[in-house]
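1. Fold the stuff below for me.
(one chain, ligands or ions: 2)
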Amino acid sequence: MNAKKYPLRLHVNGETYELEVKPQRTLLEVLRNELELTGTNEGCATGDCGACTVLLDGVPVTSCLVFALDAHERQITTIEGLGTTEALHPLQRAFVERGAIQCGYCTPGLIMSAYALLQQNPQPTEAEVRHFIAGNLCRCTGYTKVVEAVLAAAEVSEQ
Ligand code: FES
Ligand code: FES
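-> Residues are numbered from 1 along each chain as shown. Ligands and ions are numbered 1, 2, ... in the order given. As a prediction, this is how the structure comes out:
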């Protein structure tokens, strides 16, 4: 295992962070353990569940599969970058109001995927929402309320 650390500059939610990390560190590990941005969850750590989804230069990625050094100088958006407790993002509010959250473990990843979808397609169909969030697994909700919440947030954004 390589013990040497390398310099890393990350741009996360509008803030710049200067770090030194080992090459085997994942973006997920750095976000959670170094930057204490623990809103991004680790589920499987093998790219299968989507709980760790963040945006990398606007594109949703599973951060457990991205080496932190590959994110050098790139723009990262995590769930902490969307809204605050006092001022929820429309997607966050819709998830709460529509009952799309149960245990909540999948929720940050789902919201980041939905956010990426609405950025590129502000008025998606139900089928498009289901297709786009297919990589985000939820063992609690059955997805119906999640899809309703994303469609509701799209409506709000349109007004
Ligand atoms: S923790 Fe990254 S996809 Fe499951
Ligand atoms: S709300 Fe529990 S896994 Fe999705």
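
2. Which residue ranges of this structure form strands?
-> 6-12, 15-21, 53-56, 59-62, 75-77 (DSSP state E).

3. Mind giving me the packing neighbours of the shortest one?
-> Which is strand 75-77. Counting by 3 or more CB pairs under 8 Å, 6 or more residues apart in numbering; DSSP states H and E, the packing neighbours recorded for strand 75-77 are strand 6-12, strand 53-56. From N, CA and C alone the C-beta is placed, and that goes for glycine too.

4. Could you identify which of the strands of the chain is most buried?
-> Per residue and on average, the most neighbours among the strands of the chain fall to strand 53-56, with a mean of 24 (mean count of other CB atoms under 10 Å).

5. That one vs ligand 1: in contact?
-> No. Contact of strand 53-56 with ligand 1 is not found when judged by CB under 6 Å from any ligand atom; the minimum separation is 7.4 Å.

6. begin at 16 from here
-> New numbering, starting at 16: the last item is strand 68-71.

7. if we can go back for a sec, dump the strands of the chain to CSV, plus distance to ligand 2 and mean pLDDT.
-> Rendered in CSV, the data for the strands of the chain read as follows (distance: least, CB to the nearest ligand atom, whole Å; pLDDT from 0 to 100):
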stretch, distance to ligand 2, mean pLDDT
strand 21-27, 24, 98
strand 30-36, 28, 98
strand 68-71, 13, 98
strand 74-77, 16, 98
strand 90-92, 21, 98
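
8. Now render those strands as CSV, adding distance to residue 46.
-> Compiled in CSV, the strands of the chain are given as follows (distance: least, CB to CB, whole Å):
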stretch, distance to residue 46
strand 21-27, 7
strand 30-36, 10
strand 68-71, 7
strand 74-77, 12
strand 90-92, 8
